[in-house]
Structures are given as structure tokens and as C-alpha cells.
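# Got a sequence here, can you build the structure:
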Amino acid sequence: MLVGFAIIWWLVAPLRFGVQTQKTTALAVLAVVPLLASGTYMFLGQPNQPDQPLSPRLEGDLKRLPPGAILVRLEQKLRANPDDANGWRLLARLRDSLEMHDLAADAWQRVIELGQGDSEARAGLAQALIEIDSGVVSEVAVALLDDALAMDDTNMMAQFWRGVAHQQQGEEAKARVLWQALRAKLPDDIPLSRVLDQRLQKTP
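Modelled structure (predicted):
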């Protein structure tokens, strides 16, 4: 039932290629891939929604479409239903996975404006802003991350990036505490664990 089979291989490409700057983004994306997959299927396959005119290249089984075509379908759905917070959330996740960070930020902002500004939305907006700023965690992003952690202190994306913010501010000890807490929850054989191990080795 999951639509993710067609896009998970593409999403994990940065991990397979071993590009460090891409790994962090992919790790955060992989944390929500199951939600993105099933949620996209349910949103685009809702029987109570009217059919939208699609060009032939966008038709057919959703599982067989590339991420770009799924993106177009989501955008078309939201043009018809602009107040659907769940749709904007799915769009934000997919835009993040496609490295369309400026547009992802717009989508996350829309989720928040529609009253769905939970921990995921705030951390997602923060990450998009960080990516736009080439990895610099701004004051706005820090505030969003703090809000996300106040809502859910187990949010892995928020924990990771808040640690980066501490490190950039010269607060190495605080970064280490956050990363150690996050690392303790993870198995040894996943990429995020290796990224955290590397950062912890370099953090006094």
C-alpha cells in the first residue's frame, strides 16, 4: 500500500554516494519517509476528492511515478484545496527531499499558518532555512528548533540541528550533550549514528 518504493531508492542516494553535506539532509528525510509515503498515497488517492486534469505523463499508478511527477500532483491538489494542512505538510516533506529548500520553507510556513505548527513543522522549517543559509543556523532557526524541542524533546531533526547551532555558537559542551543523548537512542549500523560518532569525536 505504500507509495514509497518508487522514491525511497532516490531519497537514499546521497547516503549511498557518501557525500557528507548531503548525508545530513537525507538522514532527516529518512526519518519521515514512512509518513511521506503512506501520507502521499492517502492524500492523492482520496476517493472523495474530484479528479484533477493531469497530462499523460502524470497519470497512472502512483507507485510508478518519479518524485517530480508526485510533486506536481500534490501541487495540483493544493491549488484546489489550499487550506489542507496535511497536504502542505506532505508537499514540504517532498520538496525537502528534492532539495527545493526555499519552496519547502514556504510549505512549512503554510502548515504553521494553518494552525498545524507542531514539532515536525517547526523543525522542518528550521532545517529548510538552514539549508538555504548553507548550513548556518540563524537566530530564527534556533528559535524554531527550541520551540520544536519544547513540543517534543525526542525530535531527532531538532536535536541534531540544535547541536549544530550550539557548536556554531562555540557551545561545544551543549552540542555534545544533545548529540550524546541522540546517539544513545540509535543502533550502531545506521548512517546517522556514524555522522554523530564523527561529530562527537571532534567535539571536546
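# tell me the contacts of the residue lying closest to N81 once chain neighbours are set aside?
In this structure, N81 finds its nearest non-sequential neighbour in G87, 6.3 Å apart by Cβ to Cβ, 6 or more residues apart in numbering. For the C-beta atoms, the positions are set from N, CA and C on the backbone; glycine is no exception. Going by Cβ atoms under 8 Å, 6 or more residues apart in numbering, G87 touches F43, L74, K77, L78, N81.
# again with A123
L144, L145, A148, N155, M157, A158, W161.
# Using CSV, list the CA coordinates for whichever helix or strand the third one is part of.
Going back to what we said before, that points to A148. Remark: A148 resides in helix 139-151, with elements defined by DSSP states H and E. What follows is helix 139-151, C-alpha atoms only, in CSV (Å, rounded to 0.1, in the frame of the first residue of the first chain):
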residue,chain,number,x,y,z
GLU,A,139,18.6,33.1,15.2
VAL,A,140,15.2,32.4,13.6
ALA,A,141,16.1,28.8,13.0
VAL,A,142,17.3,28.5,16.6
ALA,A,143,14.0,29.8,17.9
LEU,A,144,12.1,27.3,15.7
LEU,A,145,14.3,24.4,16.9
ASP,A,146,13.8,25.4,20.6
ASP,A,147,10.0,25.5,20.0
ALA,A,148,10.2,22.1,18.3
LEU,A,149,12.1,20.6,21.2
ALA,A,150,9.8,22.2,23.8
MET,A,151,6.9,20.4,22.0
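# which outside residues touch that helix?
Taking Cβ under 8 Å, 6+ apart as the rule, helix 139-151 contacts 118-120, 122-123, 125-127, 129-130, 133, 137, 155, 157-159, 161-162, 165.
# Can you name the element that comes right after it?
From helix 139-151 onward toward the C-terminus, using DSSP H and E, the following helix or strand is helix 156-168.
# and after that following helix, which helix or strand comes next?
Defined by DSSP H and E, the subsequent element after helix 156-168 is helix 172-184.
# Report the next helix or strand after that following helix in sequence order.
Downstream of helix 172-184, the first helix or strand assigned by DSSP H and E is helix 191-202.
# Okay, buried residues for that next one please.
For helix 191-202, burial by neighbour count (16 or more other Cβ atoms under 10 Å) applies to P191, L192, S193, V195, L196, R199.
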